[in-house]
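A.B. asks: how would this look folded up:
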Amino acid sequence: MTVPYEIDHLVKRYDNGVLAVDDLHLSVQKQEIFCMLGANGAGKTTTLMVSLGFTPPSGGTVRISGYDITREPLEAKAHVAYVSENVQLYGNFTAMQNIRFFSELSSRGKMEDAALHEVLARVGLGADAHKRRVRGFSKGMRQRLGIAIAIIRDADLILLDEPTSGLDPKGGLDFMNLLQELRREGRAVFMTTHDIFRAREIADRIGIMVRGKLVRVLETDEIEHADLAAIYTHYIDQMAIQEGGARPDTTALQ
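C.D. replies: This is a model prediction of the structure:
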């Protein structure tokens with residue numbers, strides 16, 4: 001069985017010498033939600049940028065549905081959808097125009113309007129929002145539209161970068177429920193987050209990333225009873241002692 005997401009000893013060192021990702025090794029299976037927990041600068045977003053082919057790795061490989069993102073970028077990208085913290089959409093387009101445009105770019109090709117309306121409704125965008133220009137959308141509405149576009153891509157893997165950041169409690173809950181639906185459909189989901197509460201609520205596994213290193217992975221049976229804040233703080237302090245440097249800023253962790 002092809003694994004949707006495999007990272008094999010990934011290294012990313014920037015030209016200025018900063019080691020952003022240090023020998024990262026993990027995989028995400030179908031029907032699994034993996035949350036990567038870490039403070040700003042931990043290497044989470046860099047991992048996504050390499051995984052999407054936006055920046056080359058310094059070492060190691062990333063495979064999406066068996067395709068190497070560096071050697072087979074077009075094939076790999078056909079199997080992945082990405083939703084960033086600040087979803088990039090066409091502000092002068094309506095929600096329908098945006099999703100129609102992206103559907104025509106996807107491997108599924110042009111879809112009937114009725115099917116597109118159905119997907120927008122599924123992610124919680126009411127009929128009145130379908131004809132509104134996206135520039136007037138709240139952050140939560142933009143996130144919903146981003147997920148709708150990910151759904152119509154019919155991707156094996158969905159990559160999410162801080163998807164609940166800035167959402168109100170209801171918006172965050174609706175978003176989590178939608179991710180559970182996608183998991184039941186067989187998608188693999190990899191989500192970076194600062195939000196310990198949401199990670200505990202949704203994740204099948206949780207990784208803790210500190211200064212480019214994956215220092216701990218908590219399995220399903222550990223998550224419910226684990227004190228994630230205490231575990232995270234332990235690894236932060238341990239890393240600081242080992243490196244003799246300043247403790248990373250963890251104020252963004254909730």
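
A.B. asks: okay, CA-based contacts and neighbour counts for the rest of this
C.D. replies: Will do.

A.B. asks: which residues of this protein score low on pLDDT?
C.D. replies: 107-109, 240-241, 243-254 (pLDDT under 70).

A.B. asks: would you map out the domains in it?
C.D. replies: Domain assignment for the chain, taken from automatic domain parsing, gives 1-79+162-254, 86-154.

A.B. asks: tabulate those domains (CSV), appending mean neighbour count.
C.D. replies: Putting the domains of the chain into CSV (neighbours: other C-alpha atoms under 10 Å) gives the following:
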stretch, mean neighbour count
domain 1-79+162-254, 18
domain 86-154, 18
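
A.B. asks: pull the residues that contact stretch 154-173.
C.D. replies: Applying C-alpha atoms under 8 Å, 6 or more residues apart in numbering, the contact partners of stretch 154-173 are 4-5, 30, 45, 48, 64-65, 78-85, 108, 139-140, 143, 150, 175, 186-194.

A.B. asks: all strands of the stretch 1-150 of the chain, in order?
C.D. replies: Assigned by DSSP state E, counting those that start in this stretch, the strands in the stretch 1-150 of the chain fall at 5-13, 19-28, 32-37, 59-64, 67-68, 80-83.

A.B. asks: as TSV, these with distance to residue 167 would be great.
C.D. replies: Below are the strands of the stretch 1-150 of the chain laid out as TSV (distance: least, C-alpha to C-alpha, whole Å):
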stretch	distance to residue 167
strand 5-13	27
strand 19-28	26
strand 32-37	17
strand 59-64	29
strand 67-68	34
strand 80-83	14
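
A.B. asks: which residue ranges of the chain form helices?
C.D. replies: For the chain, applying DSSP state H gives helices covering 44-51, 73-77, 95-105, 113-122, 139-152, 169-184, 196-202, 220-223, 228-243.

A.B. asks: any chance of a markdown table for those helices, columns distance to residue 128?
C.D. replies: Listed next are the helices of the chain as a markdown table, based on distance: least, C-alpha to C-alpha, whole Å:
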| stretch | distance to residue 128 |
| --- | --- |
| helix 44-51 | 34 |
| helix 73-77 | 32 |
| helix 95-105 | 10 |
| helix 113-122 | 10 |
| helix 139-152 | 12 |
| helix 169-184 | 18 |
| helix 196-202 | 29 |
| helix 220-223 | 40 |
| helix 228-243 | 40 |
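
A.B. asks: out of these, nearest to residue 12?
C.D. replies: Smallest distance to residue 12 across the helices of the chain (C-alpha to C-alpha): 7.9 Å, for helix 44-51.

A.B. asks: can you give me the angle that closest one makes with strand 19-28?
C.D. replies: 70 degrees (axes from the mean of the first three to the mean of the last three C-alpha atoms, to 10 degrees).

A.B. asks: what is the orientation angle of helix 44-51 with strand 59-64?
C.D. replies: Here helix 44-51 runs at an angle of 80 degrees relative to strand 59-64 (the same axes, to 10 degrees).

A.B. asks: need the CA coordinates for helix 44-51. PDB is fine.
C.D. replies: Provided in PDB are the C-alpha atoms of helix 44-51 (Å, rounded to 0.1, in the frame of the first residue of the first chain):
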ATOM      1  CA  LYS A  44       7.300  23.200  11.000                       C
ATOM      2  CA  THR A  45       6.600  25.600   8.100                       C
ATOM      3  CA  THR A  46      10.000  24.800   6.500                       C
ATOM      4  CA  THR A  47       9.100  21.200   6.400                       C
ATOM      5  CA  LEU A  48       5.900  22.100   4.500                       C
ATOM      6  CA  MET A  49       7.700  24.300   2.100                       C
ATOM      7  CA  VAL A  50      10.100  21.500   1.200                       C
ATOM      8  CA  SER A  51       7.200  19.000   1.000                       C
END
